[in-house]
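>>> fold the following.
(one chain, ligands or ions: 1)
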Amino acid sequence: MNDYPPEYDNEDPDNRYFAQAFPDADSPAELYRQVYKYTDCGAYLSVQIQYYKTIEPDGFNEFPDEQLVSEWVNCDELRRFGTWKEMDQQGVLVTALLVGSIVEGVDYGTDNIEVVADQTEEDPSDYRTRFDTALSEVEREAESIWNDTHGCESCKAHWVDEGINLDGEMTPIWFDCPDCQGSGVII
Ligand SMILES: [Zn+2]
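The predicted structure follows:
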């Protein structure tokens, strides 16, 4: 990333870290697009940012002041930032990424997994490995929720025949089901 201005202070954490960790994604919006597209469950991505906010003078402070604030930005809202480099130019630092997924037809989703960046302690590639592991975990969890809840009518009849009481519960998929081929149905 040698297109950074030379006066940039290398001692301070900056978003180059993420540009290095995710060489295929030049921005958080692009990273979200990839996360959504390349997971079966269509996972979401939230990004925690940190920046200095100017506090206007008021009855207590005579002069404008700066306060470090932190907030989460979700999915499509990430488009407002542009690239990692542009975020650096705006003075906005990414401090953590978070992934999770909803599951269609169910009113709960997977756990959210937060991957906090520690730029002084961890190489970008190791951060990337932790991020990918978190994303795989979300996929596993989403699939498991799907399998527990998306059985079709034939799956249901099978469990009833087996003497399993589904009383009020959602129907798990029967993997040998001839009707849905063990893939379940959209509920
Ligand atoms: Zn079935």
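>>> please make it C-alpha for all contacts and neighbour counts, starting now.
Will do.
>>> neighbours of residue 18, how many?
The number of residues packed near residue 18 is 23, by other CA atoms under 10 Å.
>>> hang on, it packs against residue 126?
No. Using CA atoms under 8 Å, residue 18 is not in contact with residue 126; the gap is 11.3 Å.
>>> for the chain, which spans come out with low pLDDT?
Counting by pLDDT under 70, the chain shows low-confidence ranges at 1-11.
>>> which stretches of it form strands?
44-55, 65-74, 93-100, 113-116 (DSSP state E).
>>> show me the protein divided up by domain.
Domain ranges of the chain: 16-142, 150-187, per automatic domain parsing.
>>> now these as a markdown table including distance to the ion?
Putting the domains of the chain into a markdown table (distance: least, CA to the ion, whole Å) gives the following:
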| stretch | distance to the ion |
| --- | --- |
| domain 16-142 | 16 |
| domain 150-187 | 4 |
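>>> so how many other residues sit close to the residue nearest to residue 94 when sequence neighbours are not counted?
Closest residue to residue 94 apart from its sequence neighbours, by CA to CA, 6 or more residues apart in numbering: residue 49 at 4.5 Å. Residue 49 has 17 neighbouring residues, counting by other CA under 10 Å.
>>> residue 49 bridge partners, please.
Assessed by DSSP bridges, residue 49 has beta-bridge partners residue 71, residue 94.
>>> run a quick neighbour tally on the closest residue to residue 28 other than its chain neighbours.
In space, residue 28 comes closest to residue 78 once its chain neighbours are excluded; the distance is 6.2 Å by CA to CA, 6+ apart. With neighbours defined by other CA under 10 Å, the count for residue 78 comes to 20.
>>> so who does residue 78 touch?
Going by CA atoms under 8 Å, 6 or more residues apart in numbering, residue 78 touches 28-29, 47.
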